[in-house]
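Trainee: Here is the input, now give the coordinates:
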Amino acid sequence: MLHNLSKYKVILGSASPRRHQLLEGIDLPFEVRVIDGIDETYPNTLSSHDIPEYLAKLKAQFYLPTLSDDELLITADTIVLLEDHVLGKPKDEDEAKAMLQQLSGCTSQVVTGVSISTKEKQISFSSTTAVTFVTFCEEDIDYYIKRYHPMDKAGSYGVQEWIGYIGVSSINGSFYNVMGLPIQQLYSQLSKF
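Mentor: Model prediction:
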């Protein structure tokens, strides 16, 4: 649907296959455009919950000079918060294991920030989902890391993968937000853009 966007060519500014899949799910034609090497540094004075929206807007700033007047850009960033401590993407398997050990038996918050931009207008928002994991045994964590290589995922896990199937005991909020894009909220914002 989204007839109001018919004058735009939609650009997804993300290499994430999960965001690609979710955006495809709302039948919105788009193309993926990736700019490598964006510095995702944020001010250390920023509230943890504000980091993803700040980064989504920061990413958009790198794309805006490349946009045509008829293009609409979607950028996003996701973090996992455990007691206000940011769990980003792990640097290696050891860090992935440490993150999953921290998340084991706990409730964390997944926060995704989204920015929708054209040359004339920008809106942004964020979505938060609480995810509770069962307590993992070391064997489960090791198996998941070796088999699924979660180095490109905030918090070292993909909720749509094996670890989510066997380990998530409850979710309060959008499941798709945990995958990396709060797609219902995005659709709603796009319909009003």
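Trainee: Only C-alpha atoms from now on, for both contacts and neighbour counts.
Mentor: Fine.
Trainee: And what about Asn4, helix, strand or coil?
Mentor: Counting by DSSP: H, G, I helix; E, B strand; the rest coil, the backbone at Asn4 sits in helix.
Trainee: Now do the strands in the protein.
Mentor: Using DSSP state E, the strands found in the chain span residues 9-12, 30-32, 71-82, 85-87, 107-117, 122-133, 168-172.
Trainee: Out of those, which gets nearest to Val178?
Mentor: Taking CA to CA as the criterion, strand 107-117 is the member of the strands of the chain that comes nearest to Val178, at 5.9 Å.
Trainee: What is the distance between that closest one and the centre of its chain?
Mentor: On the basis of CA atoms, centre = their mean, to the nearest Å, strand 107-117 sits 6 Å off its chain's mean C-alpha point.
Trainee: what angle separates it from strand 122-133?
Mentor: Strand 107-117 and strand 122-133 are oriented at 160 degrees to each other (axes from the mean of the first three to the mean of the last three CA atoms, to 10 degrees).
Trainee: Adding distance to Glu53 as columns, could you present the strands of the chain in JSON lines?
Mentor: Formatted as JSON lines, the entries for the strands of the chain read as follows, by distance: least, CA to CA, whole Å:
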{"stretch": "strand 9-12", "distance to Glu53": "16"}
{"stretch": "strand 30-32", "distance to Glu53": "20"}
{"stretch": "strand 71-82", "distance to Glu53": "7"}
{"stretch": "strand 85-87", "distance to Glu53": "14"}
{"stretch": "strand 107-117", "distance to Glu53": "4"}
{"stretch": "strand 122-133", "distance to Glu53": "6"}
{"stretch": "strand 168-172", "distance to Glu53": "20"}
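Trainee: any idea which of the ones you listed scores lowest on pLDDT?
Mentor: Per-stretch averages of pLDDT across these put strand 85-87 at the bottom, with a mean of 94.
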